[in-house]
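Participant: sequence-free structure coming up:
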Ligand SMILES: [Zn+2]
């Protein structure tokens, strides 16, 4: 009887244990670092970073390097009509949706070696680890390197069917329009519909990326589980005063637009810091007219930017700032006007289940993790429109990014790739169902 019970037990528990204990596979830090360095040859700048803006010769060289690497690990490579590089590994079950992961390899002018690159090299590493461990997946896997991330998420936007015709005419850093650039890298800007992926085609999308901030580095945490990409809203704030002689107008007879602007700037900072949460509000530009040392400023135009993961919260911050502005306008006789600029991007939360799977994967590998928002934009925010999306952050030393001084250690890159692979395997195993 006891034997029978134990057999029954093992029959019941075995499948559970099998799925709960995925093989402990770790990425190879040296291999990843060596590949990051090799990729860094394309567009290398004197400061030790890269200038590999999309569609440039450096970008085209880097793309060829990545395609070779993809083929080396057995992926079948194609370039879609938006210029996205896609390397595919078939699954063992026919007709299942694809699990997609990757990032981008283009950089800002004067950029670093890790932004985007870690996600693409890490995705290729994950495929190589599957090969080395003789593992197949049920679902097909696709490694993607998106076109022109830094120029406005061009490739991912096309993949979700949201790249407008107007955007195609925008001049990119390469000196080509985006339309010309897409053609240059083997895409077809007239058939972007063919690059679109429909909901249901992609089971999940995962992007591994450097944090580009200092939180993980400072707190000595291995992995950031990204809660979403924050939304952004911009305003022009105009403050009307009265320009007058700075020598003859007594202090109590002034309508000084710049003094009001200064007070409002402090109030904006106070509003954002006094509410609970991680919202940020910034005045980044200010212009006083007429702009002479001996004239009381008659008009000030300044910028206001608010970012948060929660659109409602952003609105709350804005309304409190508006209330402060009214108070200041009344007290100083300087009307204040807000006009919103049409560049808003809404918050893009990641998928709740994906967060859980990534957190579990880190935990099972013995890595520390924390939930955090992304203050920077990423291709992942587009992919949230068509698939459950997750993002894995690894530490950026001192939070430096978009700079040749950007740095992430080999071990941190490998940690990220290990979590990525484990996440992919969990999803393949039905963790999203
Ligand atoms: Zn990036």
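Facilitator: Great, that's in hand. What you see is a predicted model, and the numbers here were worked out from it, not measured in a lab.

Participant: Count the neighbours of residue 427 for me.
Facilitator: Neighbourhood size, residue 427 [other Cβ atoms under 10 Å]: 24. C-betas here are computed from N, CA, C, even on glycine.

Participant: That one looks like it's in a helix, true?
Facilitator: Yes. Counting by DSSP: H, G, I helix; E, B strand; the rest coil, residue 427 is part of a helix.

Participant: shouldn't it be in contact with residue 202?
Facilitator: No. Residue 427 is not in contact with residue 202 according to Cβ atoms under 8 Å; the separation is 11.1 Å.

Participant: Report the contact partners of the residue of the stretch 251-400 of the chain found nearest the ion.
Facilitator: Proximity of the stretch 251-400 of the chain to the ion (Cβ to the ion) peaks at residue 378, 6.0 Å away. If you count contacts by Cβ atoms under 8 Å, 6 or more residues apart in numbering, residue 378 has them with 103, 149, 153, 207, 209, 229, 391.

Participant: ok, so what distance separates it from residue 412?
Facilitator: In this view, residue 378 and residue 412 are 18 Å apart by Cβ to Cβ, to the nearest Å.

Participant: what residue ranges in the chain score low on pLDDT?
Facilitator: 1-21, 343 (pLDDT under 70).

Participant: Show the secondary-structure elements that the strand or helix carrying residue 390 is packed against.
Facilitator: Assessed by DSSP states H and E, residue 390 sits inside strand 389-394. Helices and strands touching strand 389-394, by 3 or more Cβ pairs under 8 Å, 6 or more residues apart in numbering; DSSP states H and E, are strand 202-210, strand 223-229, helix 352-364, strand 369-374, helix 379-383, helix 410-428.

Participant: Identify the bridge partners of the nearest residue to residue 339 once chain neighbours are set aside.
Facilitator: Spatial nearest neighbour of residue 339, excluding adjacent residues (Cβ to Cβ, 6 or more residues apart in numbering): residue 236 at 5.2 Å. Note on residue 236: beta-bridge partners by DSSP bridges are residue 303, residue 339.

Participant: hey, what's whatever residue of the stretch 151-300 of the chain ends up closest to the ion bridged with?
Facilitator: Nearest residue of the stretch 151-300 of the chain to the ion: residue 209, at 5.8 Å (Cβ to the ion). Assessed by DSSP bridges, residue 209 has beta-bridge partners residue 393.

Participant: How about the contacts made by it?
Facilitator: 103, 115-116, 118-119, 378, 380, 391-394.

Participant: Scan these and report the most crowded one.
Facilitator: residue 119 (35 neighbours).

Participant: Can you tell me the SS state at it?
Facilitator: Once three-state DSSP is applied, residue 119 turns out helix.

Participant: contacting residues around it?
Facilitator: Applying Cβ under 8 Å, 6+ apart, the residues near residue 119 are 101-104, 207-209.

Participant: Can you say which two of those residues are spatially most distant?
Facilitator: 101 and 104 (12.4 Å; Cβ to Cβ).

Participant: all strands of the stretch 251-400 of the chain, in order?
Facilitator: 280-282, 286-289, 295-296, 299-308, 336-345, 348-349, 369-374, 389-394 (DSSP state E, counting those that start in this stretch).

Participant: now do the stretch 101-250 of the chain
Facilitator: Under DSSP E, counting those that start in this stretch, the stretch 101-250 of the chain gives strands at 141-146, 202-210, 223-229, 231-240, 244-245.

Participant: Centre of the chain to the second one, how far?
Facilitator: The chain centroid and the centroid of strand 202-210 are separated by 10 Å, computed with Cα atoms, centre = their mean, to the nearest Å.

Participant: and that strand with helix 352-364, angle?
Facilitator: Angle of strand 202-210 versus helix 352-364, following axes from the mean of the first three to the mean of the last three Cα atoms, to 10 degrees, is 50 degrees.

Participant: quick one, strand 202-210 and strand 369-374 angle?
Facilitator: Using the same axes, to 10 degrees: strand 202-210 against strand 369-374 is 90 degrees.

Participant: mind listing what's buried in strand 202-210?
Facilitator: By neighbour count on 16 or more other Cβ atoms under 10 Å, the buried set for strand 202-210 is 202-210.

Participant: next one: stretch 394-414
Facilitator: Applying 16+ other Cβ under 10 Å to stretch 394-414 flags 394-397, 399-404, 406-408, 410-414 as buried.

Participant: At the geometric centre of this structure, which residue do we find?
Facilitator: residue 378 (2.5 Å; Cα atoms, centre = their mean).

Participant: need the contact list for residue 361.
Facilitator: 419, 422-423, 426.

Participant: Please apply the same query to residue 193.
Facilitator: So residue 193 contacts 81, 161 (Cβ under 8 Å, 6+ apart).

Participant: one more time with 10 Å, if that's ok
Facilitator: 81, 158, 161 (Cβ atoms under 10 Å, 6 or more residues apart in numbering).

Participant: so the second one sits right up against residue 382, yeah?
Facilitator: This points to residue 158. Yes. In this structure, residue 158 is within contact of residue 382 by Cβ atoms under 10 Å, at 8.9 Å.

Participant: Quick check: neighbours shared by those two?
Facilitator: residue 146.

Participant: Comparing these two, which shows the higher neighbour count?
Facilitator: residue 158 (31 against 26).

Participant: where does the stretch 251-400 of the chain come near the ion, residue by residue?
Facilitator: Counting by Cβ under 5 Å from the ion, no position of the stretch 251-400 of the chain is adjacent to the ion.

Participant: try it again with 8 Å
Facilitator: 376, 378-379 (Cβ under 8 Å from the ion).

Participant: Name all residues that sit in contact with residue 101 and residue 104 at the same time.
Facilitator: By Cβ under 10 Å, 6+ apart, the residues touching both residue 101 and residue 104 are 119-120, 144, 207.

Participant: Filtering those residues by proximity to the ion, which remain?
Facilitator: Applying Cβ under 8 Å from the ion to those, those adjacent to the ion are residue 119.

Participant: Going by distance to residue 217, which of the shared contacts of residue 101 and residue 104 wins?
Facilitator: Among the shared contacts of residue 101 and residue 104, and counting by Cβ to Cβ, the member closest to residue 217 is residue 119, at 17.9 Å.

Participant: Give the buried residues for the longest helix seen in the chain.
Facilitator: Criterion DSSP state H: the longest helix present in the chain is helix 311-332. Buried residues in helix 311-332, defined by neighbour count with 16+ other Cβ under 10 Å: 313-314, 316-318, 320-321, 324-325, 328-329, 332.
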